[in-house]
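K.L.:
below is the sequence, then the predicted model.
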2 protein chains.
Amino acid sequence: MRSDHPTRRDFVRTAALATGASLLRVPPAQPARPLGVALVGLGSLSTNQIAPALAKTKYCRLAGIVTGTPAKAAAWKARYGIPDRSVYDYATMGRMADDRTIDIVYVVTPNALHAEHTIAAARAGKHVLCEKPMEVSVAQCDAMIAACRAAGRQLAIGYRCRFEPHHLECARLARERAFGEVRMIEAGFGFQIGDPTQWRLTRALAGGGPLMDVGIYALQSARMLTGEEPTLVTAVSTTTDPVKFRDVEESMTWELKFPGGVIAHCGTTYKVNGMNRYTAFAERGSFGMTPAYNYDGNRGWRSDGRELRFDEVDQFATELDDFAQCILTGRPTRVPGEEGRRDVRLLMAIYEAARTGRAVSVG
Amino acid sequence: MRSDHPTRRDFVRTAALATGASLLRVPPAQPARPLGVALVGLGSLSTNQIAPALAKTKYCRLAGIVTGTPAKAAAWKARYGIPDRSVYDYATMGRMADDRTIDIVYVVTPNALHAEHTIAAARAGKHVLCEKPMEVSVAQCDAMIAACRAAGRQLAIGYRCRFEPHHLECARLARERAFGEVRMIEAGFGFQIGDPTQWRLTRALAGGGPLMDVGIYALQSARMLTGEEPTLVTAVSTTTDPVKFRDVEESMTWELKFPGGVIAHCGTTYKVNGMNRYTAFAERGSFGMTPAYNYDGNRGWRSDGRELRFDEVDQFATELDDFAQCILTGRPTRVPGEEGRRDVRLLMAIYEAARTGRAVSVG
């Protein structure tokens, strides 16, 4: 396996350990031109995070856009110099098959549209990077994986924390038993949601509430720290504002039992500000991140007081460059569709557990 | 209601707010002599915490001991100047009825002996302070309450955190919505247990594992912060060392749903060092304690950076002096047997949820 992280030395070392790659650095593949990325969905994530991140990548560039809003198309064309032929709407995505400036389609639309847009991109012969959660059902995930496989294209899910050095270091501490075996994990991510009309509060588009949107980060942390798949799930959900939250849960907690003996207890909510952290409790000490899930400014800590600190990386730029290297070298991504599907299956089990009041076996 | 805290001004104010007492200070009742306390069970808690705390009380003194170990009796007699007539074993506790130097019996024996020793003390006409958990079944709790009621004596449970100023201040922040409504609570208390032969690992004496012993603190925090009783409980338990933990669980997590919309997710374990904290996540910020459950050195925090710090109090001395004032003035204790029974009922529901894989209704 090749070391593929063209960033700082500490991060390369951490990432290499985290992926089991050799410490021997192999130079990354140098493309003749940056890979062209088309963004599908020009909401705040694309606007405020992904477009600026693209400008920081080494192997990618913003080459196209897909939007249903003509005013957004005009603004993005002007700002990023995107040619008319690389501006699409959702009905014309198929034309991308003839657009050789686009190599990667980054799907940033509402959750329940991910399959439609991923499949359209794959059929147009593009590699696909799709935001989390992958979709709102396992069947949709299967369809996405099948479409990309049939097209011979890679599919990656936007798990930015898998490229964040503090997360990777905490996973290493767990895996290498730096404080003995991890026995319990506490993780939570929530925020106070604003605009009541946004798609995140509509089940048909979001598939659920904060669990789908940000709870998935806590779920990922538990799986990343244990390196295992849980066998049992319980959950409790609650809603105090049945007007705003008439369609999706307001808050949710859940427990995950892992085969190696770890239990994780997690929370998510659209009703508080500042729930954003995880802790791994191990036999001889603990470690974690507070905050854990921000775009920047995350901080790690260890109970022995030793520093757990790395220079900031742009998580989106790192994820994009990693995917570009996967495409250039044929190496599989560390965040494939199968990984996204695992989380969606667990998210559905968490909802089932909350709905039925039963522990759901997922082993 | 009288303000009954003869300690520092800040603490009095906090405690007064916490109990709804008037800020007008009424001088505490001054007994003609300190109330005599007999300790039942001379293990490490009595030796290292309670006996030293008794020396710091204003209204109590160590007047008697009950132990099944003659060597301990001799050592304590010598150290604390306890007269022969106030030294008992478990078979001779009934003689206490004639011992007018003893007013309060503090039961510090293994959990499953609490009813036997509480009932014996009540029948001897003594008020009883009993360590947590109150007992290992609701039926035993009922028997204890009935015995003390029949004897016309008060029964208090040793919930020291109910007398700790940081805990009281966090409860005030929740109750007064200092950061808006609390929506989620995370709490955990666990430690790495040593000696595999100790009674805490024997179900017949402990009634369970870390949940009974230290998980109860996290449960108390959730109830204290919400001021409510939960309606639904889920739980997951795990054991990785089936030799040491052949009789009780090794680790446990649980969720509590409260009628006002709070969910608490909690953990306890005998397998890690340093799990000892809680956090209340509210609409506009968070607050909590890390560590939360130590005998001293607990620290509070608030997300707005404002100080949450009080001078150290000896939790056992404060609890003992409060109980003495209850007896002297006829005021009911804030930690009656009924409160202990509530927790035992919930602890049993948590075990049932873990055993059956079902959410247990406790409303």
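P.N.:
It's in.

K.L.:
A:G43 - how many residues pack around it?
P.N.:
The local packing count at A:G43 equals 17, with neighbours defined by other CB atoms under 10 Å in any protein chain shown. C-beta coordinates here come from the backbone N, C-alpha and C atoms, glycine included.

K.L.:
OK, contacts around it?
P.N.:
Contacts here follow CB atoms under 8 Å, 6 or more residues apart in numbering or on different chains; on that basis A:G43 touches A:V108.

K.L.:
now do A:E164
P.N.:
In this structure, A:E164 makes contact with A:298, A:313, A:315, A:318, judged by CB under 8 Å, 6+ apart.

K.L.:
correct me, but A:I104 touches A:D322?
P.N.:
No: here A:I104 lies out of contact with A:D322, judged by CB atoms under 8 Å, at a distance of 11.6 Å.

K.L.:
distance between the longest helix seen in chain A and the chain's centre?
P.N.:
Among the elements of chain A assigned as helix by DSSP state H, the one spanning the most residues is helix A:337-356. Average the C-alpha atoms of helix A:337-356, do the same for its chain, and the two points are 15 Å apart (CA atoms, centre = their mean, to the nearest Å).

K.L.:
got the contact list for the helix or strand following it?
P.N.:
Counting by DSSP states H and E, the element after helix A:337-356 in chain order, helix or strand, is strand A:360-361. Contacts made with strand A:360-361 from outside it, assessed by CB under 8 Å, 6+ apart, are listed as A:231-234, A:349-350, A:352-353.

K.L.:
now do stretch A:93-104
P.N.:
When contacts are taken as CB under 8 Å, 6+ apart, the neighbours of stretch A:93-104 outside the stretch itself are A:35-38, A:40, A:60, A:63-64, A:66, A:83, A:85-86, A:88, A:105, A:117, A:120-121, A:123-129, A:320, A:323-324, A:327.

K.L.:
of the residues you listed, buried ones?
P.N.:
Buried residues within the contacts of stretch A:93-104, counting neighbours by 16 or more other CB atoms under 10 Å in any protein chain shown: A:35-38, A:40, A:60, A:63-64, A:66, A:86, A:88, A:105, A:117, A:120-121, A:123-129, A:320, A:323-324, A:327.

K.L.:
still on that earlier bit, out of the contacts of stretch A:93-104, which sit inside strands?
P.N.:
Helix and strand membership here follows DSSP state E; of these, those in strands are A:35-38, A:40, A:60, A:63-64, A:66, A:88, A:105, A:127-129.

K.L.:
which of the residues you listed sits closest to chain B?
P.N.:
When the ones in strands among the contacts of stretch A:93-104 are compared for distance to chain B (CB to the nearest CB), A:L129 wins out at 32.0 Å.

K.L.:
isn't that closest one right next to A:H114, touching?
P.N.:
No: with contacts defined as CB under 8 Å, A:L129 does not count as touching A:H114, sitting 11.0 Å away.

K.L.:
and for the two, which residues touch both?
P.N.:
Residues within reach of A:L129 and of A:H114 at once, by CB under 8 Å, 6+ apart, are A:V107.

K.L.:
that older thread, what packs against the longest helix of chain A?
P.N.:
If contacts are counted by 3 or more CB pairs under 8 Å, 6 or more residues apart in numbering or on different chains; DSSP states H and E, helix A:337-356 sits against helix A:138-151, strand A:155-157, helix A:216-226, strand A:232-238, strand A:251-257, strand A:360-361.

K.L.:
so can I have JSON lines of those showing distance to B:T238 and mean pLDDT?
P.N.:
Written out in JSON lines, the entries for the helices and strands packed on helix A:337-356 read as follows (distance: least, CB to CB, whole Å; pLDDT from 0 to 100):
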{"stretch": "helix A:138-151", "distance to B:T238": "26", "mean pLDDT": "98"}
{"stretch": "strand A:155-157", "distance to B:T238": "29", "mean pLDDT": "98"}
{"stretch": "helix A:216-226", "distance to B:T238": "12", "mean pLDDT": "98"}
{"stretch": "strand A:232-238", "distance to B:T238": "9", "mean pLDDT": "98"}
{"stretch": "strand A:251-257", "distance to B:T238": "6", "mean pLDDT": "98"}
{"stretch": "strand A:360-361", "distance to B:T238": "15", "mean pLDDT": "98"}
